[in-house]
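model this:
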Amino acid sequence: MGIIARQSFFNSISIALAFLIGAVNTVFFYPKFMGSEYQGLIVTLLALSNLIQPFISFGVQHALIKFYTTCKTKEEQDRLLSLSITLPLIMFLSFLTVSLIFKAEIISFIASKNTAIGKYAFLIIAVAFSTSMFEIFYNWLRIQLYSVFGNFLKEFYPRALIFFLLVIYAFDGLSLDSFISALIVGYYLRLILVIFYALIKYKPKFSFALPKKFKSILSYSFLIFMSGTAASLILDIDKSMISNVLTVENVAYYSVAVFIASVIEFPGRAMFQIISPLVATALNENDYQRLSSLLKKSSNNLLLISGLLFLLINLNLTDFYEWVNLAGYTKALDVVFIISFGKLFSMSMGCLNNIITNSKYYHYVFLFSTTSAVLAILLNIYFIKLYGIIGAAYATLIVMVLINLMKIFLVQFTFKINPFGKKTILTLLVIFTLHLIFSHIDLDFPPIISLVLRSLLIGLLFSFISYLLKLTEDFQIFLTNLISFKKKF
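Reported below is the predicted structural model:
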């Protein structure tokens, strides 16, 4: 098993467990122990933290991946690593100073509809700084091709932290104030763990000397910072606007639906942890044949796996919501299908985003992100007022489709490659044919039994057809090895 497959496998396990425990938190523990109001409050605070994070990291975590392989000596590599730590610290101190000077005005703005957000505003900047520094040390590990432990801390740890805090909160071991304080402490413990592990794997000699390509690095970081700011806005503007236009309870309903739809992304998140440095290396070495291979292979594999998840989620949605029996949360039932469709399209692009970010055309990322942010704001304002939380989902879908199409055209025009082929069409036909068939099959059993039976039928039929049509080489090898293993026993 190659390094991509091996680390992607372990990363997939971490992310699958993260999504599982995240589902327990989002769908069961938050609503049961805290209620939709406090759940909406925590989600809103963390969403605002994600909006602040790019201002602190300033894009250097991405510059680390792009420029590391261009540094030919250890001294240059150490200078790059030193810069990646120093610059965010300077940005954080600057941002903290501004926040303290204009504290009253900032709190008044973000808490215009909910005073509790203003009361706990300190969580926003505290978590933003911790997350920014974590991403830098995590990418430090990724360029050394040690992504597994960092991915575990990135994906599984925060959800496990919230899980345990919610359990303690349920038994009256924590008040809301102490819950938020413990959440912040947990994020900083994660930062300490990744720093120690990164230093074990590679210990640089810290230097205040600037790298030779400092201007290029700074220019790249600035554009990625601007792009990251816009990207964070896209990810969390819907939740922030829902809390302002509607109520924080609606944020909870929407967040549960988006979380369920986001399960489709977990195979991609596992693969991208390790494939991004390989894409950067292929670009730096002008190995376009390797680049095309990475793009096609990642697209085929991700569309296949994400397609199966798309079917399992949407065809079992009614039974799932009935089984968990959460009053009010069914208001966002249609949000799952709308968002998951957009996620499926995004996954079909494979590592295309990594190619743009790590190539000389990276400045287009800023254009795409800025356009996305403007569209997201305008569309959310219009659709949320018109359709409520369903409108937020429509806005997100439109932005995802339009921007992803622009990215596909860019890579096709500049590199003469694209992620799609005959296997893409076959895979889509399988996905939508099975969706059409099973959407008309109603199993007259209790929700959990119907959910399990339908999932087994979908999984077996999808796997059989995919194997028969040879949709991806990796899936073919996986099933062949699985069949051979069973025959031995």
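
who's in contact with residue 302?
267, 268, 271, 347, 348, 350 (C-beta atoms under 8 Å, 6 or more residues apart in numbering). No exception for glycine: its C-beta is placed from N, CA and C like everyone else's.

what subset of those residues is buried?
Neighbour-count burial (16 or more other C-beta atoms under 10 Å) applied to the contacts of residue 302 gives 267, 268, 271, 347, 348, 350.

between the residues you listed, which is closest to residue 316?
Among the buried ones among the contacts of residue 302, residue 267 lies closest to residue 316 (C-beta to C-beta), at 18.4 Å.

test my guess that that closest one contacts residue 308.
No: contact criterion C-beta atoms under 8 Å: residue 267 and residue 308 do not qualify, at 9.4 Å.

on that earlier part again, turn the contacts of residue 302 into CSV, columns for secondary structure and pLDDT.
Output for the contacts of residue 302, formatted as CSV (DSSP: H, G, I helix; E, B strand; the rest coil; pLDDT from 0 to 100):
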residue, secondary structure, pLDDT
267, helix, 76
268, helix, 76
271, helix, 72
347, helix, 90
348, coil, 90
350, coil, 87
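
need the max-distance pair from those.
Of all pairs in those, the most separated under C-beta to C-beta is 271 and 348 at 13.1 Å.

now tell me which helix or strand of the chain has the poorest mean pLDDT.
Of all helical and strand segments in the chain, the minimum by mean pLDDT, DSSP states H and E falls on helix 473-488, at a mean of 62.

and what about residue 349, helix, strand or coil?
Of the three states, residue 349 takes coil under DSSP: H, G, I helix; E, B strand; the rest coil.

what's the burial count for it?
Using other C-beta atoms under 10 Å, residue 349 has 24 neighbouring residues.

residue 16 now?
Residue 16 has 16 nearby residues by other C-beta under 10 Å.

residue 341 reaches residue 397, doesn't it?
Yes: using C-beta under 8 Å, residue 341 is in contact with residue 397, at 6.5 Å.

any chance of the backbone angles for the closest residue in space to residue 298 that isn't next to it in sequence?
Leaving aside its sequence neighbours, residue 298 sits nearest to residue 350 (C-beta to C-beta, 6 or more residues apart in numbering; 3.5 Å). Backbone torsions for residue 350, taken as degrees, to the nearest 10, come to phi 60, psi -140.

what of residue 430?
Dihedral angles (degrees, to the nearest 10) for residue 430: phi -60, psi -50.

for residue 209, same thing?
Main-chain torsions, residue 209, degrees, to the nearest 10: phi -70, psi 140.

ok, for it, nearest residue in space, not its chain neighbours?
residue 79 is the one closest to residue 209 (C-beta to C-beta, 6+ apart), at 5.5 Å.

quick one: the one you found and residue 213 touch, right?
No: when contacts are counted by C-beta under 8 Å, residue 79 is not listed as touching residue 213 (9.7 Å).

so which of the contacts of residue 302 is the closest to residue 47?
residue 268 (21.2 Å).

the closest one and residue 195, how far apart?
Remark: distance between residue 268 and residue 195 (C-beta to C-beta, to the nearest Å) = 27 Å.

ok, residue 438 next?
Remark: distance between residue 438 and residue 195 (C-beta to C-beta) = 48 Å.

please apply the same query to residue 144.
According to C-beta to C-beta, residue 144 and residue 195 sit 14 Å apart.

quick one: the helices in the stretch 201-350 of the chain?
Taking DSSP state H, counting those that start in this stretch, the helices of the stretch 201-350 of the chain run over residues 214-245, 248-262, 266-284, 288-315, 317-324, 333-347.

so what's the residue count around residue 78?
19.

ok, the nearest residue to it once chain neighbours are set aside - contacts?
In this structure, residue 78 finds its nearest non-sequential neighbour in residue 204, 3.9 Å apart by C-beta to C-beta, 6+ apart. By C-beta under 8 Å, 6+ apart, residue 204 lies in contact with 74, 77, 78, 81, 82.

what about residue 204, distance to residue 92?
21 Å.

what about the stretch 251-400 of the chain, any weak spots by pLDDT?
Along the stretch 251-400 of the chain, segments meeting pLDDT under 70 span 270, 273-274, 325-328.

what's the distance between the most centrally placed residue in the chain and residue 433?
Among the residues of the chain, the one closest to the centroid is residue 269, at 6.5 Å (C-alpha atoms, centre = their mean). Per C-beta to C-beta, residue 269 is found 27 Å from residue 433.

again, but for residue 332
Taking C-beta to C-beta, one finds residue 332 at 27 Å from residue 433.

rewinding a little: of residue 79 and residue 213, who's got more company?
For residue 79 versus residue 213, the count of surrounding residues by other C-beta under 10 Å is larger for residue 79: 24 against 17.

number of nearby residues for the nearest residue to residue 212 once chain neighbours are set aside?
Closest residue to residue 212 apart from its sequence neighbours, by C-beta to C-beta, 6+ apart: residue 76 at 6.4 Å. Residue 76 has 18 neighbours, counted by other C-beta under 10 Å.

what does residue 457 give?
For residue 457, using other C-beta under 10 Å, the count is 15.

packing partners of the helix or strand containing it?
Assigned by DSSP states H and E, residue 457 belongs to helix 447-469. For helix 447-469, the elements it packs on are helix 288-315, helix 317-324, helix 422-438, helix 473-488, judged by 3 or more C-beta pairs under 8 Å, 6 or more residues apart in numbering; DSSP states H and E.

what helices and strands are in contact with the third one?
Okay, so that is helix 422-438. Packed next to helix 422-438, using 3+ C-beta pairs under 8 Å, 6+ apart, are helix 288-315, helix 447-469.

and it, which residues are buried?
423, 424, 426, 427, 430, 431, 434, 438.

what about the second one, distance to residue 26?
For residue 424, the distance to residue 26 under the criterion C-beta to C-beta works out to 32 Å.

over to the third one?
As judged by C-beta to C-beta, residue 426 and residue 26 stand 34 Å apart.

check residue 354 too.
Residue 354 sits 28 Å away from residue 26, taking C-beta to C-beta as the criterion.

the two - which one has more neighbours?
A direct count of neighbours by other C-beta under 10 Å for residue 354 and residue 26 places residue 354 higher, at 25 against 22.

mind listing what's buried in stretch 409-417?
410, 411, 415, 417.

restricted to helices, list those residues.
Residues of the buried residues of stretch 409-417 located in helices (DSSP state H): 410, 411, 415.
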